[in-house]
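In: Next comes the sequence, and after it the predicted model I'd like to discuss.
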Amino acid sequence: MTLALDDKWIWDSWYAHDGQRWHGYFLQADKSLGDPGLRHFNVSQGHAVSDDLVNWEHKGTCLKPAPKPAWDDTTTWTGSVIQGPDGLWHLFYTGGGSAEKGLYQRIGHATSTDMHSWERVGSGLCLDMEGPNAAHYEAEMQVGFWPDRAMRDPFVMKDPDGDGYLMYFTARAPGIEEANAGGAIGFATSPDLYEWTLQPPVFVGDYGQLEVPQPFEIDGRWYCLFCTADIHWSEDRKTKAGVPPVTGNHYLVGDGPRGPWRVAPGFLDGDLPCYRYAARVLMTETGPVLMGFRDGGKEAFGGYVMDPVPVKVDAEGLLYIEASDRGK
């Protein structure tokens with residue numbers, strides 16, 4: 001069993017547990033487009049529920065781009081869902097608008113009482129590259145250097161060291177000569193899930209982009225999952241990795257949720273062509289598991305979320321999954 005639809009491709013996904021069931025959210029696009037490469041700018045968000053992360057009941061579309069003109073009238077991309085202290089559910093998502101051809105990404109915010117019907121908070125916009133800390137980011141698109149103004153894939157969690165909330169997102173740092181050394185994991189803080197303050201990135205370097213970042217803790221150790229492509233490894237990372245460049249899911253290790261973070265050795269879950277991408281680590285009753293979508297490249301794009309596979313920790317505190325779960 002997989003999280004799949006007959007008439008739509010599914011790719012990036014994220015999850016929340018309501019105390020009884022898992023809720024899976026995902027990007028979707030109609031297969032009638034013909035070319036899976038067109039899916040990114042013909043996107044909406046879908047919703048399904050499950051008791052076991054294997055058998056899914058689809059609930060339908062739960063968010064789509066806003067009517068024009070709006071800052072998010074072109075894309076509503078990857079996000080995360082968290083419950084607030086009053087029981088209200090909060091969705092943070094990536095948005096892009098037609099005024100900038102979807103190339104400038106920003107972070108949006110919507111709320112729900114039933115985890116399906118989402119209402120934007122005001123215009124929906126909750127975070128942009130503004131304020132004094134914007135200087136730590138590529139706040140404007142670098143035409144000819146990188147294909148977009150990156151600010152996407154927000155992951156929001158309760159601050160384990162305080163009363164507020166932390167947001168991590170895919171971004172880039174300025175003034176770095178090699179494009180593939182400028183990837184960053186952006187950072188923002190909030191006291192209440194509504195007002196957000198942009199902070200300096202918690203990690204910069206090694207890759208051109210670190211997509212879908214997700215910090216988590218296992219047995220007192222901190223990790224940050226991310227995904228990237230073989231074409232986005234820096235020259236220095238290629239030298240240090242000890243493995244050839246692949247596309248897939250890897251992670252950082254850190255001293256806490258704010259880091260400092262460093263790239264783990266090797267590569268967790270990669271292949272060429274890519275086997276699984278945009279994965280998440282979920283904490284289940286039997287231990288942590290990894291869930292991501294079946295990629296396969298343009299010629300054999302899967303377009304569904306694969307069943308969970310166990311994530312294990314070795315004696316040195318490094319993560320691994322069994323070879324049989326890595327595709328080849």
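Out: Done, it's in.
In: how many other residues sit next to Asp128?
Out: 16 (other CB atoms under 10 Å). (Glycine included, C-beta is placed from N, CA and C.)
In: what residues are up against the closest residue to it other than its chain neighbours?
Out: Of all residues not flanking Asp128 in the chain, Arg106 sits nearest, at 5.0 Å (CB to CB, 6 or more residues apart in numbering). If you count contacts by CB atoms under 8 Å, 6 or more residues apart in numbering, Arg106 has them with Trp71, Asp72, Thr94, Gly95, Gly96, Leu125, Leu127, Asp128, Met151.
In: What is the helix or strand that contains Met167 packed up against?
Out: Here Met167 sits within strand 165-172, counting by DSSP states H and E. Using 3 or more CB pairs under 8 Å, 6 or more residues apart in numbering; DSSP states H and E as the contact test, the elements touching strand 165-172 are strand 152-158, strand 183-190, strand 211-218.
In: could I get these as a markdown table with distance to His232?
Out: Output for the helices and strands packed on strand 165-172, formatted as a markdown table (distance: least, CB to CB, whole Å):
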| stretch | distance to His232 |
| --- | --- |
| strand 152-158 | 14 |
| strand 183-190 | 7 |
| strand 211-218 | 9 |
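In: Dump those strands into a markdown table; add distance to Gly297 and mean pLDDT as well.
Out: Shown next, in a markdown table, are the helices and strands packed on strand 165-172 (distance: least, CB to CB, whole Å; pLDDT from 0 to 100):
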| stretch | distance to Gly297 | mean pLDDT |
| --- | --- | --- |
| strand 152-158 | 21 | 98 |
| strand 183-190 | 22 | 98 |
| strand 211-218 | 16 | 98 |
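In: Nearest to Lys31, out of these?
Out: strand 211-218 (22.8 Å; CB to CB).
In: For Ser324, give me the pLDDT.
Out: Here the pLDDT value assigned to Ser324 is 85.
In: I meant to write Lys328 there.
Out: 52.
In: swap in Glu299?
Out: At Glu299, the pLDDT recorded in the model is 87.
In: secondary structure class for it?
Out: The local conformation at Glu299, judged by DSSP: H, G, I helix; E, B strand; the rest coil, is helix.
In: can you give me the helices for the protein?
Out: 235-241 (DSSP state H).
In: Contacts only, for the spatially most central residue of it.
Out: Most central in the chain under CA atoms, centre = their mean is Val212, positioned 2.2 Å from the mean C-alpha point. When contacts are counted by CB under 8 Å, 6+ apart, Val212 touches Asp12, Thr78, Asp153, Phe155, Thr170, Leu225, Phe226, Cys227, Ala278, Ala279, Arg280.
In: where's the residue nearest to Asp128 relative to Ala139, distance?
Out: Noted for Arg106: a distance of 11 Å to Ala139, by CB to CB, to the nearest Å.
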